[in-house]
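**Student:** Any chance you could fold what I've pasted below:
(one chain, ligands or ions: 1)
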Amino acid sequence: MSRTLFRNASIVLPNSVVQGSLVVEDGKIVDVNAGDHASADSVVECDGLHLMPGVIDDQVHFRDPGLTHKEDLATASRACAAGGVTSFLEMPNTKPPAVTAEGVRAKERIASKKSLVNYGFYIGATPDNVDELNTVKDVPGIKIFIGSSTGNLLVDEQEALERIFAETTLPICAHCEDETTVRANAERLAGTTNIADHSNIRDENAAINATRRATELSRRYKHRFHVLHVSTAAEVPLVADGAPYITSEVCLHHLFFNVDDYARLGSRIQMNPSIKTAADNKGLYQALLDGSIQVIATDHAPHTLEEKSQPYPQSPSGLPAVENSLALMLNEVSAGRCEITQVASWMCDAPARVWGMVGKGRIEPGYDADLVLVNLAESRTIRDAEQHTKAKWSPWDQVTLQGWPVATYIGGHPVFQASKGFDESFRGQKLRFDHSRGGYWATPEGIGS
Ligand code: DOR
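**Tutor:** Numbering: from 1, shown residues only. I've put the predicted structure just below:
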């Protein structure tokens, strides 16, 4: 048995921050209210630091297998560890795409060899793989590209969508941009090389039409459904009051970038769904604050700078973010725009509950000791050359943030320490999902057991 004492931290509990010491025994949190001198084999001194649950990023594209010149599970998971992300859920648009149980298992085998942090892989829907969607086990859920993006996964025929919502049982998440709207806009703007037209082609209506269509299916078939990367304030009424079936998510780039930034950042902020307006930034932030949207994720989608520097529309959509997401939100805490308990809810507890992740997302006895120690007083500037993602750039290059992770622990083990670097020999574990617990809107009781 091994016991570690995290001494004198500001501990971020689900609804409060308490000053105290936390004990981890054999990888699990056993006491959140221990004395400073509780017995332990090792002690982590936490004076002046906050101890929060490790971040769970439920939407990343890590490119392994098949597109590993952009990223792979070794580089991506190092980026996670450096950014305070202890678990990730990865999307199926790899090469080949993960649209069979065996495709998912193949990715897990790669992760077991390369990943420093914990992992889970969605199975992708195609117009005709309902049987696979029903036989696959131990996955967070089903991903549908209702609008096409990187890769060739697309299900936008009504009949095929109805079949997936009607005949499968796993929770579903979807990329909601309406293909018909996008194609009509692209035709109207054919020949454009203006990057700002990306937001006119993938416009507000594309997002609204697809989110309306998908949330209607979820309600009609009483099927758990998570709307990925909501990008417009106008979609908020469609996802708010989603209980008991619908949850939703916003990404950092849709909170912090808008169309006015194309002039400065060009294709670095070319994303699907496209970034929208300053009013959308504001509306999405408000939706987080009032609980209409529950989850923050990154949609980490790296491409090389060489690929990105092709003229629009050859430039691919996607940006890397996984190592800066927590710092971006801690900076919000430092600026007084939200509380650290809210950040822990949006980035740790909520994703764990949406996907039924057993033992994750909270600091509470019985939960896994996946933790991140953060320094709200540290100010640091993001720089392309210092990024751990293989793509080696960030849309936030040269941006200074206050509030950074200083150490990341999985099962109480330090996988990253700013002062020492990575424990390259550590390997994360395959995540466990229990969908019988009812998802986000059910009570979290028991998830830690
Ligand atoms: O812009 C995007 N790129 N959006 C996505 O949802 C997928 C992604 C990618 O995989 O490159």
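
**Student:** Buried residues in the longest helix along the chain, which are they?
**Tutor:** Longest helix of the chain, by residue count under DSSP state H: helix 204-221. By neighbour count on 16 or more other C-beta atoms under 10 Å, the buried set for helix 204-221 is 204-215, 217-218, 221. No exception for glycine: its C-beta is placed from N, CA and C like everyone else's.

**Student:** check the residues you listed against the ligand, which are close?
**Tutor:** For the ligand, no contacts are drawn from those by C-beta under 6 Å from any ligand atom.

**Student:** who in the protein is up against the ligand?
**Tutor:** So the chain meets the ligand at 61, 93, 149, 150, 175, 271, 272, 299, 301, 317, 318 (C-beta under 6 Å from any ligand atom).

**Student:** Can you tell me which member of these has the lowest pLDDT score?
**Tutor:** Ranked by pLDDT, these bottom out at residue 149, which scores 71.

**Student:** Can you give me every residue that contacts it?
**Tutor:** Counting by C-beta atoms under 8 Å, 6 or more residues apart in numbering, residue 149 touches 93, 175, 177, 272, 317.

**Student:** Which of those residues fall in strands?
**Tutor:** residue 175 (DSSP state E).

**Student:** Tell me the residue of the stretch 51-200 of the chain that sits nearest the ligand?
**Tutor:** residue 150 (3.2 Å; C-beta to the nearest ligand atom).

**Student:** Which of the helices or strands spans that residue?
**Tutor:** For residue 150, there is no host helix or strand (DSSP states H and E).

**Student:** so how far is residue 229 from it?
**Tutor:** Distance, residue 150 to residue 229, using C-beta to C-beta, to the nearest Å: 13 Å.

**Student:** So between the two, which is more surrounded?
**Tutor:** More crowded of residue 150 and residue 229, by other C-beta atoms under 10 Å: residue 229, with 23 against 18.

**Student:** List the contacts of the more buried one.
**Tutor:** Neighbour list for residue 229: 59, 175, 249, 250, 251, 254, 273, 297, 299 [criterion: C-beta under 8 Å, 6+ apart].

**Student:** Sort out for me which of these are in helices.
**Tutor:** Reading helices off the contacts of residue 229 with DSSP H, I get residue 254.

**Student:** Could you single out the nearest of the contacts of residue 229 to residue 50?
**Tutor:** Taking C-beta to C-beta as the measure, residue 50 lies nearest residue 297 of the contacts of residue 229, at 21.3 Å.

**Student:** rewinding a little: and the furthest pair within the contacts of residue 149?
**Tutor:** 93 and 177 (14.2 Å).

**Student:** more neighbours, these two?
**Tutor:** Between residue 93 and residue 177, residue 177 has the larger neighbour count (other C-beta under 10 Å), namely 28 against 25.
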